[in-house]
Structure formats: structure tokens, C-alpha cells
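Visitor: sequence unavailable; structure follows:
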């Protein structure tokens, strides 16, 4: 596949075809004595330059070296291309501006504290709501997803890139890519109808024997049927959802580990795991981080899958096996219907969207910075 | 583990003067003691056996506990065995291999289960009626009805979104690959990445504030298509960029050398070379948004009727039909019917996405760029 890290197509591949051509150019550029200067022409070409636009035998050139029509076409095309890029920036700016603008009523008319209140009644008079519980739900479910999903995804990527046979790895890689495209709605439905009933017993067991850790304690439930729609399940579904995408990206990076580095590890007598730990994982660290951030972005913003499995509850509850909890995205989807005609309720949802937007922005930017740093070290 | 054989069985060549010396040094002195190749299977069988005995002895119900006990016993027992025979480093290696194999199984099993589950659940409702009828006038307690209205809506919205997003995406990719230097290009690259991370519901909210609140409109199909386009652009840019980068630099230089201006080089040389890749990337981008539900809740709404007009009135889409049918399952008597329809619609959606994906990959394989 393409080398994704190579941002400059000019420099990379030239070396492979003619190792000297780039060097010669650079030598000339540095003004090394004896090297021909850039732009200095072969003697027999000088005549052409003396009469620009004319062929050596004196006829006017047909194509034109720098005809204005050519320039115009280039300019239009470049403007189109750059304009599309600019449109992207405009859209991003517009998203931020419109969300902030339309969320203002939520900030001004909320009688609670929008950051710390654990309630969601924006259509009541007076409107009383806050993001604390939703923020908690979003972060916790995403953390669970990362804790379960990322190690498994890295394991899958390692399996496909270094453990499976070549043929199997092609097939399995394709399968994982396909699974990455399955709509999140389907994950949610599967979670609702299959995963919740199947894991109620497990959650009961967790609450009974590991209840001394408050996270796993369900204080009220006495039968398995009372377990289910909780943040733990939401996190598990998010984990399953992000595994294909995270492992697909990680695998690509693992496949690019230089052969020499791995052979060096083998030659020193490393076991397979030692080879992976010393050669593959350090090389892939930036890739793992960026893939995880991609997964985290998905998990934070996932709407439907979470909305299907969570019972709305706007209280911060550290007992993750107790039903309840909600995330920014699922709140927007679930409360949109009842927000209806109340402008404050709509504004509250837009404010939730704004919070989510800011969080994903921060996560993405942090990921970019980390990757840029790592690249500096490994390069 | 296949590497063990490489060192374990040195080739013996009688003509080689070194052979005599090689024989003098026993193999085990070079590589240390090893578990036999059947060791993992033996350990696995033993773990399953112990788990079954425990199940019988302690009266465990169901297979879950036994399965996890067997798995845990295998991991611990096999590692310990390896540790005692082969030493610390080999044991670590075995443990890592076991965990990596296990993580693969742990990831693929639920994912394949999902497809299998939805296939079984959804296929039972498939019929000619299901694909040719809308839900108009069909209550949640009635049989019949279908997804025709939703299928039409999804196809229309995806088509509109593609028409908007693909040219923008491909042109941006052209800019980044062919022209992009300096600050502006870096800003575009950065914001493509950021835009990839914008949650679909936020894109939906943006279009909602901008179009619906801004102009005081009721939900309509085109608004949803715009949100889908916003989600599609960064995917399309990223994928197209990769494809354009695959076009060999030599081709461009050959074209420049013939005096062809840059824009004609791009149109006549770069784009045709990358065409199959661009189609593939476009299909993948389309597949990515086909199953999007969240923005449609805000922007398109749902109707049981057939609505061909994306500029007027609520429109049904496959994800929204699933959402709607799941929402109506509350009553116990009607839940079977609505659930079945929801699974049917979801299976259709998955098939649509998978067909787009498989098509894209087949196309990529058929028309691979000639030079890599």
C-alpha cells in the first residue's frame, strides 16, 4: 500500500529509480565547483533561448513555452482545487460558529450550572439542566471501549501482520476491513438483542464476586434480569465497534516495519515476542496512537448504538453495572423528539453537540501533536 | 513457532568438513530444551478435560463458565509448562502468542456473530412484498408492509450526497497531492483529519442549526444529504489522496517534458491512471455514509409513505425505518412483527454496504495501477 507517512511525493520515490539524479541536482544547487548550474543550458540549446518562442530553424513554436492560454487553464484549475480545500475550512469554521451561536440560549437561560448540574429538564419552566452526567457517561463508556478494544485490536493487527500465513492474512485483513464498514445501528441492535441477554449472568457474577470494587457493584439487582442496559455494556459494544477500524489502521503500520529491523532482532536470537517488542511495536507506536485516537473519536461520537442500549439517566453513577447513564450523542438523538417546540431545549441539545465537538476536536488535535512528535523521534 | 524448526534440524552434508564438528555438538546444547510440537494441543485438551470434570463435579450451568475456565487453565498451565521446560524467555513468547491468537478469536467471533445473527433474523422476513411495498397504512400489529419507501429514500440521499461530496473530495485531494505546499495546504490537511473525527450527530446538528433553524424549514431529504456529504468529504479526500499518490512521478514528468501544462497533465495523465483507485475510494466513502443514522433523526425524519421528492417533506431511509420499527416494539403482541421488519431493513442495509465494499475491492483488484 501507499506510504501514508510520506507527505511529499517529490522526494521519496525518485531515489529508487535513479539514485544519482537527485544527488546531482543537489550538488548543483549547493554551487559545488564544476557542477553545472541549474538552468544553465547545453551549448546547442542556447540558440533557442536567444530567440524565445522560435524553433532552432526559425519557425514560430507551435505549442508555446508559456502561452497565456496555458497559464489561464492552470490558474483556473488550481483555483478549483484550492477552492475545494478552502471550502473544507469554511465548513469547519461554520460548524463551530453556528453551534456556538445557536447554543447561546442554553447558557443564558439555564437555571442550573451547565457544567455541574446532573439533570436534564430543559423544557421545564424554569429550564434546569447540565452536562455533568452526560459528560461522565461519554468519557466512561469511551474509556471502557478503549481499555477493552485497543489491546485486542493491536493483538488482531499483530496476528494478521506477523502470525497468520500470507494467504490467511490477506483474507482476514479483507474480512476486518469489511467489518469496519458495518453500520453502527447494526452493532446497537446486536447489543440490544444478543449481547445484553447473554452477558446478564456475567454481570451478575461480576457484581457478586467483585462487588468490593465499587465500579462493578450493583446495589439493587438480585436477579440477572435486572442487569443490562448500563454503561459497561455500552462500553463493550463500543469496543467491538472500534476493533475493526483500529486494527485495520494498526495493521497497515505493522506491515511497513522495515525488514532489516526485524531481521536484526532475529539475528540476535530474539524470540518472536522479543522481536515484536523490540522491532515492531516501537516502529508502530505512532500508528497505534493515531489508530486509537481514531477509535476514541468514533467511540465518543457514537450515537445510535449507545442510544439503543442505554436507559437514559442523568445522574453520575460510578456503579457501572447499574442500568442508566447517557452520552452526549445519544442524548441529542433521544431527546430531540421531545425537545420539539421548546427553543431552550433545542439550544440545550445544540450545546451538548458543541461540547462533544470540542471534546473530539481536542482529542484529534492531541493525537496529531503526539504523532508529529513521535515522527520526529523515529525519523 | 514455525521458526523453531529452522534451528532444530541442521542439514547434514557428508562432504562438508564441518559436518563432523556439527555432529559433535548436540542440537540441544545450541538451542536449549524445547516443548514438543504437540504440546499446545496436549495442554489445550488437558485444560478442556479439567474444565469438563469441574463442570460435572461442581454442577455448573451453561457452557460459559466452563469455557472461560478452560481458557484460563490453558493460558496458565501452558505458560507454566513452557517456563519449567524452556525457561523464562520462551515462556513469555508462548504467552504472547497465546494472547495474540486469543485476541484475534475474541475480536472476530463477535463480529462474525453479528453478521450471522442479523442474517438469520433478517432473512426470514424477506419476500417480494417486503421489497415492493411501503409501510403506509400498516400498523405495528399488522403483518405485511415493506421497505420500498426507505430503500428509495436511502438511495436518493446517498446519490445526492455523493454528487456533492465526491467532486469536492477529489478536487481537494488533487490540491493536496499536486499543488499543496506551504501553510494553506498544511491547514487543509489538518482540518481534513479533524473533520474525519467530527461525530455524525454534530454534523447533523450543524445542518440543523444552519438550514432548518436558520431558514425555519421543516425536515426534508436534501438537508440530510448535506449532512451526509459533510461526513463523506474527509473520507473521500483521504482515500483519493492515497490513490493519487500511487501515480508514479515519472508519468507526470514525462508529460511535463512534452510541454503539457500542469492542469492538462492532471486531467489527461494523473486522473486516468488513478481512475480505478478513485472509483474504489468513492465507493468506500459511499459505503461509509450509507448506514449513518444519527443526522437523519434530526434532519430527515421518517414517514411511512413513499416520498420521491428530497426537497419536500419527511423522507424514509433504511436506518430510520429500523429506528422507527424498534421504537414501536413496546407492545408485547406487536413486538415480533416490528422487530422482524427492523431486522429485515437492517439486513438490507448491511447487504447494501457489503455489496458496495466488495464491489470496490473487486474493482481495485481488477484494475490495479500498472506501476506501483
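Guide: Arrived safely. Computed from a prediction, not measured in an experiment: that's the story for all the values here.
Visitor: sketch out the low-pLDDT regions of the stretch 51-200 of chain B for me.
Guide: Low-confidence segments of the stretch 51-200 of chain B, defined by pLDDT under 70: none present.
Visitor: kindly report the same for chain A.
Guide: A:1-71, A:374-379.
Visitor: show me where it has its strands.
Guide: Assigned by DSSP state E, chain A shows strands spanning A:120-121, A:128-129.
Visitor: distance to residue B:312 and mean neighbour count for these - can I get that in CSV?
Guide: Bear in mind the C-beta positions are built from the backbone N, C-alpha and C, glycine included. Output for the strands of chain A, formatted as CSV (distance: least, Cβ to Cβ, whole Å; neighbours: other Cβ atoms under 10 Å in any protein chain shown):
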stretch, distance to residue B:312, mean neighbour count
strand A:120-121, 33, 21
strand A:128-129, 34, 22
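Visitor: redo those as a markdown table? Include distance to residue B:120.
Guide: Converted to a markdown table, the strands of chain A look like this (distance: least, Cβ to Cβ, whole Å):
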| stretch | distance to residue B:120 |
| --- | --- |
| strand A:120-121 | 38 |
| strand A:128-129 | 42 |
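Visitor: can you say which of those strands is nearest to residue B:276?
Guide: strand A:120-121 (49.9 Å; Cβ to Cβ).
Visitor: which residue lies closest in space to residue 161, excluding its sequence neighbours?
Guide: No chain specified, so I'll use chain A. residue A:254 (3.9 Å; Cβ to Cβ, 6 or more residues apart in numbering or on different chains).
Visitor: that's the wrong chain, I meant chain B
Guide: residue B:228 (3.7 Å).
Visitor: what is the neighbour count of that neighbour?
Guide: 31 (other Cβ atoms under 10 Å in any protein chain shown).
Visitor: same check on residue A:112?
Guide: There are 18 residues near residue A:112, going by other Cβ under 10 Å.
Visitor: I'd assumed residue A:119 was in contact with it.
Guide: Yes. Residue A:112 lies in contact with residue A:119 (Cβ atoms under 8 Å); the separation is 6.4 Å.
Visitor: overlap in contacts of the two?
Guide: Taking Cβ atoms under 8 Å, 6 or more residues apart in numbering or on different chains as the criterion, residue A:112 and residue A:119 both touch A:128, A:129, A:130.
Visitor: turn these into JSON lines, including distance to residue A:345.
Guide: JSON lines is the format used below for the shared contacts of residue A:112 and residue A:119 (distance: Cβ to Cβ, whole Å):
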{"residue": "A:128", "distance to residue A:345": "11"}
{"residue": "A:129", "distance to residue A:345": "9"}
{"residue": "A:130", "distance to residue A:345": "14"}
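Visitor: coming back round to it: look up which helix or strand the residue nearest to residue B:161 falls in, please.
Guide: Per DSSP states H and E: residue B:228 is located in helix B:221-245.
Visitor: can you give me phi and psi for residue A:112?
Guide: phi -90, psi -180 (degrees, to the nearest 10).
Visitor: chain B versus the residue nearest in space to the middle of chain A, what's the distance?
Guide: Closest to where the C-alpha atoms of chain A average out (Cα atoms, centre = their mean) is residue A:294, at 2.2 Å. As defined by Cβ to the nearest Cβ, to the nearest Å, residue A:294 lies at a distance of 7 Å from chain B.
Visitor: care to break chain B down by domain?
Guide: B:33-123, B:132-366 (automatic domain parsing).
Visitor: tell me which residues are up against stretch B:79-95.
Guide: A:271-274, B:32-35, B:39, B:43, B:75, B:78, B:98.
Visitor: list the buried residues in it.
Guide: Neighbour counts over stretch B:79-95 (16 or more other Cβ atoms under 10 Å in any protein chain shown) mark B:79, B:81, B:82, B:83, B:86, B:89, B:90, B:91, B:92, B:93, B:94, B:95 as buried.
Visitor: neighbours of the closest residue to chain A within the stretch 251-372 of chain B, how many?
Guide: Among all residues of the stretch 251-372 of chain B, residue B:291 sits closest to chain A, at 2.3 Å; criterion: Cβ to the nearest Cβ. Residues near residue B:291, counting by other Cβ under 10 Å, number 24.
Visitor: test my guess that it contacts residue B:349.
Guide: Yes. If you go by Cβ under 8 Å, residue B:291 and residue B:349 touch, sitting 5.7 Å apart.
Visitor: overlap in contacts, these two.
Guide: Taking Cβ under 8 Å, 6+ apart as the contact rule, residue B:291 and residue B:349 both touch A:183, A:185, A:186, B:319.
Visitor: nearest residue to residue A:365 in space, please, no chain neighbours.
Guide: Take residue A:365 and drop its neighbours on the chain: the residue closest to it by Cβ to Cβ, 6+ apart is residue B:194, 7.2 Å away.
Visitor: distance check, the one you found against residue A:296.
Guide: Using Cβ to Cβ, to the nearest Å, one obtains 14 Å as the distance from residue B:194 to residue A:296.
Visitor: with neighbour numbers in mind, choose between these two.
Guide: Legend: neighbour count by other Cβ under 10 Å for residue B:194 and residue A:296, higher for residue A:296 (26 against 20).
Visitor: mind listing what that one touches?
Guide: A:142, A:145, A:146, A:242, A:363.
Visitor: would you confirm that the residue nearest to residue A:161 contacts residue A:159?
Guide: No. Residue A:254 sits out of contact with residue A:159 when judged by Cβ under 8 Å, with a separation of 10.1 Å.
Visitor: mind listing what's buried along the host helix or strand of residue B:150?
Guide: Assessed by DSSP H and E, residue B:150 sits inside helix B:148-174. Applying a neighbour-count criterion of 16+ other Cβ under 10 Å, one finds B:148-154, B:156-158, B:160-162, B:164-166, B:168-174 buried in helix B:148-174.
Visitor: which residue ranges of the stretch 201-350 of chain B form strands?
Guide: For the stretch 201-350 of chain B, no strands are identified by DSSP state E, counting those that start in this stretch.
Visitor: where are the low-confidence patches of it?
Guide: Checking the stretch 201-350 of chain B against pLDDT under 70 turns up B:329-335.
Visitor: show me where it has its helices.
Guide: Assigned by DSSP state H, counting those that start in this stretch, the stretch 201-350 of chain B shows helices spanning B:214-215, B:221-245, B:249-257, B:262-265, B:271-290, B:294-299, B:318-327, B:332-366.
Visitor: taking the stretch 251-379 of chain A, what residue is nearest to chain B?
Guide: Residue nearest to chain B within the stretch 251-379 of chain A (Cβ to the nearest Cβ): residue A:301, separated by 2.3 Å.
Visitor: where's that residue relative to residue A:355, distance?
Guide: Applying Cβ to Cβ to residue A:301 and residue A:355 gives a distance of 11 Å.
Visitor: neighbour count winner among the two?
Guide: residue A:301 (28 against 20).
Visitor: residues in contact with that one?
Guide: A:329, A:356, A:360, B:197, B:198, B:199, B:200, B:201, B:202.
Visitor: count of residues packed around the residue nearest to the first one when sequence neighbours are not counted?
Guide: Put plainly, it is residue A:329. Excluding the flanking residues, the one nearest residue A:329 by Cβ to Cβ, 6+ apart is residue A:303, at 4.0 Å. By other Cβ under 10 Å, 29 other residues sit near residue A:303.
Visitor: number of nearby residues for the closest residue to chain A within the stretch 1-150 of chain B?
Guide: Per Cβ to the nearest Cβ, residue B:103 is where the stretch 1-150 of chain B lies closest to chain A, at 2.8 Å. Using other Cβ under 10 Å, residue B:103 has 21 other residues around it.
Visitor: perfect, I'm done here.
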